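**Q** coordinates for the following, if possible.
(4 chains)
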Number of protein chains: 2
Amino acid sequence: MPSQPQATPGTDGRAAPPRRYGHRPTMKDVAARAGVALKTVSRVVNGEPGVTADTAERVQDAITALGFRRNDSARILRKGRTASVGLVLEDIADPFSSALSRAVEEVARLHGSLLFTGSSDEDPAREEELALAFCARRVDGLVVVPAAGADHRYLAPEVHAGIAAVFVDRPPAGLEADTVLTANAAGARAGTAHLIRQGHRRIAFLGDSPGIHTAEERLRGYREAMAEAGLPVDPSWVSMGPTGPDRVGAALAAALAGPAPATALLTGNNRATLAAVRRLRALDRPVALVGFDDLEFADLLSPGLTVVAQDPAGLGRAAARLLFSRLEGETGPARLVELPTRLVVRGSGEVPPA
Amino acid sequence: MPSQPQATPGTDGRAAPPRRYGHRPTMKDVAARAGVALKTVSRVVNGEPGVTADTAERVQDAITALGFRRNDSARILRKGRTASVGLVLEDIADPFSSALSRAVEEVARLHGSLLFTGSSDEDPAREEELALAFCARRVDGLVVVPAAGADHRYLAPEVHAGIAAVFVDRPPAGLEADTVLTANAAGARAGTAHLIRQGHRRIAFLGDSPGIHTAEERLRGYREAMAEAGLPVDPSWVSMGPTGPDRVGAALAAALAGPAPATALLTGNNRATLAAVRRLRALDRPVALVGFDDLEFADLLSPGLTVVAQDPAGLGRAAARLLFSRLEGETGPARLVELPTRLVVRGSGEVPPA
DNA sequence: CGCATCCCTGACAACGTTGTCCAGTCCGTG
DNA sequence: CACGGACTGGACAACGTTGTCAGGGATGCG
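**A** The predicted structure follows:
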């Protein structure tokens, strides 16, 4: 009876493998069933040479029959390389993060690696917890978008032990490592210059919290552009802090209220831009707006929204490439890649009163 | 000399551990340095009782000095549970997916699990590849947004072996498993009914490719609402297919061109909504639009965009909860959770010619 | 027909951790 | 002072895989 019908389990000599729920067949089980040695199964599974077609087929049959799948945990333990990469973001639900994430995933896929992801929510402790958890899983490398105020010395032992680390969007603190940044200052300068070209002289800047590298760089670019044009900056125009609707509203009110009210506005990130657009809606007076970071629907607003566009996918791609180049043995000092921004001018009709 | 100063490496009897690059200290190294047994180190690392404060401190010192971090690969191999979950999405860069992903991450975090993520790009083969790769890593469970046309029988051996699987947004094919869906038909019916209440009688439906469960359900809801109101549906009004700008544009043109041109439109997903809004801009005649799935900026359009809002975070949360309940031992038949949609009416002024 | 050679196969150890179990120590009590 | 108990510490095996190495069978050549 070669096709053994449903027999009472456990009554025949050649016992069926213990198919109890939760048990996974191992190479040992496969070997027993195929009547070969464990190592031979390993050879077949990994496509190594040195197995006759006949034997290989027997093994394959056993694998299929048992539903065997190699346990990569054991493989990892033995081989040292895990073929996985950890990605620590601010918040995966954010369009910037998710685009970056997708790009990293793409490159990882090309290199046969899987991706762990986690969101830090801008909390340094959470960032560290995530990064170290990934390290404990022995990821080959890490891509980290640093949380504000994080100190990356905690990664030194890991990096020393051979885990590659690349930082994106913001530079690391207390650690030398490959880094990919947006040209924040240059972008903000370009955005501000655009407003100046449009005839504005009183321009406000509404950015994210100080301590966040990108926020400070963008502020710097704004100040540089103003200085270049010989324009003074009234303190009431500049506001840095959380970019929730309330604070943005208050800051906007302040910038527009004083004796020298701003006629134009540069917002320092997506959330601020959205909040500002909503507020400006309610206003009677036209206020020109340039936002840092593109919005998918910026062209649908009326008037269209001019933005300083970053390239989150480009950042992710660049970071992942740096990472894998390290994993492939690249040595040498830490590298810094800076990606340019692109000024996307839309809705040219919103020129304000001169 | 208890605090051994910087000696020439490798010259003293008690040799410093081989700190060559890429070598990680193990519990064995820590034990040797602390002068205790390996198991004692394990106890300290895991906070198990049975170690005097004095010994524990010596071990801790050795851990810090060597920069030891437990190798979770080995731990996983030994313990069987990996404290990790795999998430297969359509495209993490998509707002729907990333919101869902964030919610799953949140629940996983509460349960002390890490998250593998991967994008299938609506390709069943890629979905399978990802899911099985996660299984080979012995994730405890999987959350899968099925790709169109996927057959999930490939997961049967894994599920049988004890890996929990939960499906989100679309039901599995060929496999019984916990599933979380949006009330797609009901939502589309509500959206359509809204347009009917507004006085429209010729309403078009522009959905995603047939074969995608959500697309078909939404089409069904649309047809139900029309039938309920006793309204005929002209074939030229209904179009299913990829939701890129070109096809959407063509479909829209067809719906508006015939002898019975539509005066209103229900779009079946985000991308279609965006494409439709862009096209309608260029038109002279007003066409009412209700979109399936909310857009963050829907209120900023003029007129505001009425949508049938889903709850991607809710889907993710529900799916993750089902998953972890299984991991905690919940048995019993597959469960189906259906989350309601919410009709968000905006811009009431777009009533068309009666 | 004998010997060398090559190819296939299998036994064994090791990866780093945790569970089991036993030996030793220290204390209090009778 | 002897004994029991509690508690600390350590030796050993096991998780499932892969690398090393050696044995055995078939084949080719002299």
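
**Q** so which residues on the stretch 201-350 of chain A come close to chain B?
**A** A:274, A:277-278, A:281, A:295-297, A:299-302, A:313 (C-beta under 8 Å from any C-beta of the partner chain). C-betas here are computed from N, CA, C, even on glycine.

**Q** what subset of these is buried?
**A** A:274, A:277, A:295, A:297, A:299-301, A:313 (16 or more other C-beta atoms under 10 Å in any protein chain shown).

**Q** tell me which residues touch the closest residue to residue A:84 other than its chain neighbours, please.
**A** Leaving aside its sequence neighbours, residue A:84 sits nearest to residue A:114 (C-beta to C-beta, 6 or more residues apart in numbering or on different chains; 4.6 Å). Residue A:114 is in contact with A:83-85, A:108, B:116, B:118, B:133-134, B:137, counting by C-beta atoms under 8 Å, 6 or more residues apart in numbering or on different chains.

**Q** show me which of those is closest to residue B:61.
**A** residue A:84 (31.3 Å; C-beta to C-beta).

**Q** neighbours of the closest one, just the number please.
**A** 22 (other C-beta atoms under 10 Å in any protein chain shown).

**Q** now residue A:157
**A** 18.

**Q** now it: closest residue in space, sequence neighbours ignored.
**A** Using C-beta to C-beta, 6+ apart and skipping the chain neighbours, the partner closest in space to residue A:157 is residue B:67 (3.3 Å).

**Q** measure the one you found to residue A:167 for me?
**A** Per C-beta to C-beta, to the nearest Å, residue B:67 is found 20 Å from residue A:167.

**Q** which one of the two has more residues nearby?
**A** Neighbour comparison, residue B:67 and residue A:167: the larger count goes to residue A:167, with 27 against 14 (by other C-beta under 10 Å).

**Q** so what strands line up beside the host helix or strand of that one?
**A** Following DSSP states H and E, one finds residue A:167 within strand A:164-168. Strand pairing for strand A:164-168, determined by DSSP bridges: strand A:141-144 (parallel), strand A:178-182 (parallel).

**Q** out of these, indicate the one that is most buried.
**A** Mean neighbours per residue, mean count of other C-beta atoms under 10 Å in any protein chain shown, is largest over those for strand A:141-144, with a mean of 27.

**Q** residue B:214 is nearest to which of the strands paired with strand A:164-168?
**A** Among these, strand A:141-144 comes nearest to residue B:214, with 31.9 Å by C-beta to C-beta.

**Q** and the next element down the chain from the closest one?
**A** Strand A:141-144 is succeeded, C-terminally, by helix A:156-160 (DSSP H and E).

**Q** domain assignment for chain A?
**A** The domain map for chain A lists A:27-70, A:82-182+A:313-339, A:184-310, with the assignment taken from automatic domain parsing.

**Q** residue B:211: which of these is closest?
**A** Counting by C-beta to C-beta, residue B:211 lies closest to domain A:82-182+A:313-339 out of the domains of chain A; the figure is 23.6 Å.

**Q** distance between the closest one and the chain's centre?
**A** 8 Å (C-alpha atoms, centre = their mean, to the nearest Å).

**Q** do that domain and DNA strand D meet?
**A** No. Between domain A:82-182+A:313-339 and DNA strand D, judged by C-beta under 7 Å from any atom of the strand, nothing touches; the nearest distance is 11.7 Å.

**Q** now that domain: average pLDDT?
**A** For domain A:82-182+A:313-339, the mean pLDDT works out to 96.

**Q** in chain A, which spans are strands?
**A** Assigned by DSSP state E, the strands in chain A fall at A:84-89, A:114-119, A:141-144, A:164-168, A:178-182, A:203-207, A:238-240, A:264-267, A:288-292, A:306-309, A:336-339, A:342-344.

**Q** tabulate the ones you listed (CSV), appending distance to residue A:247.
**A** Listed next are the strands of chain A as CSV, based on distance: least, C-beta to C-beta, whole Å:
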stretch, distance to residue A:247
strand A:84-89, 23
strand A:114-119, 22
strand A:141-144, 27
strand A:164-168, 26
strand A:178-182, 23
strand A:203-207, 9
strand A:238-240, 8
strand A:264-267, 12
strand A:288-292, 17
strand A:306-309, 21
strand A:336-339, 29
strand A:342-344, 26
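
**Q** minimum distance to residue B:123: which of those strands has it?
**A** Closest approach to residue B:123 among those (C-beta to C-beta): strand A:114-119, 16.9 Å.

**Q** so what's residue A:154 closest to, chain neighbours aside?
**A** Using C-beta to C-beta, 6+ apart, the closest residue to residue A:154 is residue A:128 (5.2 Å).

**Q** my read is that that neighbour contacts residue A:150, right?
**A** Yes. Shown here, residue A:128 and residue A:150 form a contact pair, counting by C-beta atoms under 8 Å, at 7.1 Å.

**Q** which one's more surrounded, the two?
**A** More neighbours surround residue A:150 than the other of residue A:128 and residue A:150, with 26 against 19 (other C-beta under 10 Å).

**Q** and for the closest residue in space to that one that isn't next to it in sequence, the neighbour number?
**A** Nearest residue to residue A:150, sequence neighbours excluded (C-beta to C-beta, 6+ apart): residue A:124, at 3.9 Å. Using other C-beta under 10 Å, residue A:124 has 17 neighbouring residues.

**Q** state the distance from the closest residue in space to residue A:179 that isn't next to it in sequence to residue A:143.
**A** Distances taken as C-beta to C-beta, 6+ apart place residue A:167 nearest to residue A:179, at 4.5 Å, with adjacent residues excluded. Computed as C-beta to C-beta, the residue A:167 to residue A:143 distance reads 8 Å.

**Q** what residues do these two have in common as contacts?
**A** Between them, residue A:167 and residue A:143 share the contacting residues residue A:319, judged by C-beta under 8 Å, 6+ apart.

**Q** test my guess that residue A:242 contacts residue A:207.
**A** No. Here residue A:242 does not reach residue A:207: they are 10.6 Å apart, not a contact under C-beta under 8 Å.

**Q** those two: who's more crowded?
**A** Using other C-beta under 10 Å, the more surrounded residue of residue A:242 and residue A:207 is residue A:207, with 26 against 12.

**Q** mind listing what the more buried one touches?
**A** A:215, A:218-219, A:238-240, A:267-269, A:272.

**Q** closest to DNA strand D among the residues you listed?
**A** Each of those was checked against DNA strand D using C-beta to the nearest atom of the strand; the closest is residue A:269, at 45.9 Å.

**Q** tally of neighbours for that closest one?
**A** 21.

**Q** surely it meets residue A:244?
**A** No. With contact defined as C-beta under 8 Å, residue A:269 does not reach residue A:244; the gap is 11.7 Å.

**Q** convert the C-alpha atoms of the strand holding residue A:167 to CSV, please.
**A** Taking Å, rounded to 0.1, in the frame of the first residue of the first chain, the C-alpha atoms of strand A:164-168 are listed here in CSV:
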residue,chain,number,x,y,z
ALA,A,164,26.2,49.3,9.6
ALA,A,165,24.2,52.4,10.4
VAL,A,166,23.0,55.2,8.1
PHE,A,167,21.2,58.3,9.1
VAL,A,168,18.6,60.0,7.0
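
**Q** state the distance from residue A:181 to chain B.
**A** 21 Å (C-beta to the nearest C-beta, to the nearest Å).

**Q** can you tell me which residues contact that residue?
**A** Counting by C-beta under 8 Å, 6+ apart, residue A:181 touches A:168-171, A:315, A:336-339.

**Q** repeat that for residue A:28.
**A** Shown in contact with residue A:28 (C-beta under 8 Å, 6+ apart): residue A:38.

**Q** separation between the residue nearest to residue A:157 and residue B:24?
**A** 8 Å.

**Q** need the residues touching each of those two.
**A** Both residue B:67 and residue B:24 are in contact with residue A:161, where contact means C-beta under 8 Å, 6+ apart.
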